[in-house]
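> let me see the structure of the following:
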Amino acid sequence: MVKQIESAMTDNKKISVPKGAVDCHMHIYGPSDKYAPATNNGLCSRAHFSDYIKLRNALGLSRTVYVQPSHYQRDNSCMLDAMAADPSQARGIAVIGTEANKAEFIHLDNAGIRGARFSLLFSGCLSLEELEPVANRIAEFGWHVQVQLDGSELPDLEQRLRLLPVPFVIDHLGRIPVTSKNNSAAHSALFRLLDTGKCWVKLSAPYHVSMDPSGNCADIKPLAQHLITAYPDRLVWGSNWPHPNAISNPPDDQNLLRLLFSWCDNANQTEQILVTNPEILYGFAKCA
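A predicted model of the protein is given here:
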């Protein structure tokens with residue numbers, strides 16, 4: 001059975017979320033008396049596990065990939081407790097470095113962790129200096145590297161990512177600065193990385209680079225549609241709830257899901273991005 005969501009777009013169509021759809025990027029915070037973050041951003045009072053489950057049900061999604069918030073740095077306990085409480089099969093992306101022993105990696109693997117989180121934009125995640133050492137450690141578990149960066153840095157990092165012994169996932173459409181065409185050096189680097197068969201891209205948080213004041217991220221659509229047409233088997237989608245880098249003006253979560261459907265040409269594409277690809281990348285059981 002599919003969840004029907006009324007579209008706010010001008011054609012007023014409905015979208016049908018396929019059974020088993022996965023939110024591949026979100027974060028859990030608090031409660032602060034149990035999981036106090038290193039920095040106080042207010043999310044511990046309004047981004048609890050129960051809040052997220054209500055949103056997931058409202059969006060018609062079924063499963064989740066939990067991503068360790070940078071605010072908790074290398075203490076993954078809040079995320080792990082949420083994963084354990086999830087009534088559906090859960091997967092996660094942890095912040096864990098080479099300082100951890102093998103037993104800790106095994107513990108996280110058994111809990112459903114499938115990747116290590118890197119960021120070149122903010123502290124609290126794994127750093128660029130740790131890229132190869134951590135990739136070497138997680139290779140035996142079949143995990144992948146997840147990296148968030150300024151897209152303009154992609155050309156400089158392309159060779160390092162190519163040489164990693166594990167697959168890698170690039171967050172938020174690469175956060176490539178908007179151009180009128182997909183012809184910047186950053187676009188070319190992203191496409192070459194996708195051509196390797198080791199790269200995945202999250203069609204998430206388009207608002208990070210969009211200049212469209214309407215919230216429909218029209219200037220992101222050419223890149224999103226090109227990726228969906230050229231690399232439909234290398235893409236996943238995430239809500240990025242509760243939007244920790246847009247606290248003062250968070251986007252509408254339903255509209256973000258509608259955007260995905262507006263970028264896709266047909267139901268086969270949306271099902272591949274929301275169901276089939278996450279099952280492959282994160283090792284979810286196939287949806288019956």
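> residues contacting His172?
Neighbour list for His172: Gln148, Lys202, Ser204, Ala205, Pro206, His208, Asn240 [criterion: Cβ atoms under 8 Å, 6 or more residues apart in numbering]. C-betas here are computed from N, CA, C, even on glycine.
> quick check: it vs Gln148, distance?
Distance from His172 to Gln148, counting by Cβ to Cβ, to the nearest Å: 6 Å.
> next: Thr179.
Counting by Cβ to Cβ, the gap from Thr179 to Gln148 is 20 Å.
> give me the more crowded residue out of these two.
Gln148 (24 against 13; other Cβ atoms under 10 Å).
> ok, the more buried one - contacts?
By Cβ under 8 Å, 6+ apart, the neighbours of Gln148 are Arg117, Phe118, Ser119, Leu120, Leu121, Cys125, Ile170, Asp171, His172, Arg175.
> quick one: secondary structure of the spatially closest residue to Pro222 that is not a sequence neighbour?
In space, and not counting its chain neighbours, Pro222 is closest to Asn182: 6.0 Å by Cβ to Cβ, 6 or more residues apart in numbering. Judged by DSSP: H, G, I helix; E, B strand; the rest coil, the three-state class of Asn182 is coil.
> give me every residue that touches Asn182.
Pro222, Leu223, His226.
> so which residue is dead centre in this protein?
His25 (3.3 Å; Cα atoms, centre = their mean).
> re earlier: may I ask which two of the contacts of His172 are separated the most?
Largest separation among those by Cβ to Cβ: Gln148 and Pro206, giving 13.9 Å.
> contacting residues around the residue nearest to the centre of the chain?
Applying Cβ under 8 Å, 6+ apart, the residues near His25 are Val65, Val67, Asp171, Lys202, Ser204, Ala205, Gly238, Ser239, Asn240.
> among the residues you listed, which are in strands?
Val65, Val67, Lys202 (DSSP state E).
> burial measure for Ala285, as a count.
For Ala285, using other Cβ under 10 Å, the count is 9.
> isn't it up against Gln89?
Yes - the criterion here is Cβ atoms under 8 Å, and Ala285 meets it with Gln89 at 6.1 Å.
> in this structure, which spans are helices?
49-59, 77-85, 102-111, 131-138, 154-162, 185-195, 221-230, 253-263, 267-271, 277-282 (DSSP state H).
> in CSV, list these along with distance to Val17.
Output for the helices of the chain, formatted as CSV (distance: least, Cβ to Cβ, whole Å):
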stretch, distance to Val17
helix 49-59, 7
helix 77-85, 22
helix 102-111, 27
helix 131-138, 31
helix 154-162, 31
helix 185-195, 25
helix 221-230, 17
helix 253-263, 7
helix 267-271, 8
helix 277-282, 13
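> in stretch 132-144, what's buried?
Val134, Ala135, Arg137, Ile138, Phe141, Trp143, His144 (16 or more other Cβ atoms under 10 Å).
> now for those residues: which two are most distant?
Once Cβ to Cβ is applied, these give Arg137 and His144 as the farthest pair, at 12.6 Å.
> where does this structure have low pLDDT?
1-14, 37-41 (pLDDT under 70).
> hmm, try it at 80
Scanning the chain for pLDDT under 80 picks out the ranges 1-14, 36-42, 45, 180, 288.
> show me what the longest strand anywhere in it is packed against.
Looking across the chain with DSSP E, the single longest strand is strand 113-119. Helices and strands touching strand 113-119, by 3 or more Cβ pairs under 8 Å, 6 or more residues apart in numbering; DSSP states H and E, are strand 90-94, helix 131-138, strand 144-148.
> out of these, nearest to Asn245?
Using Cβ to Cβ, the nearest of the helices and strands packed on strand 113-119 to Asn245 is strand 144-148, at 9.9 Å.
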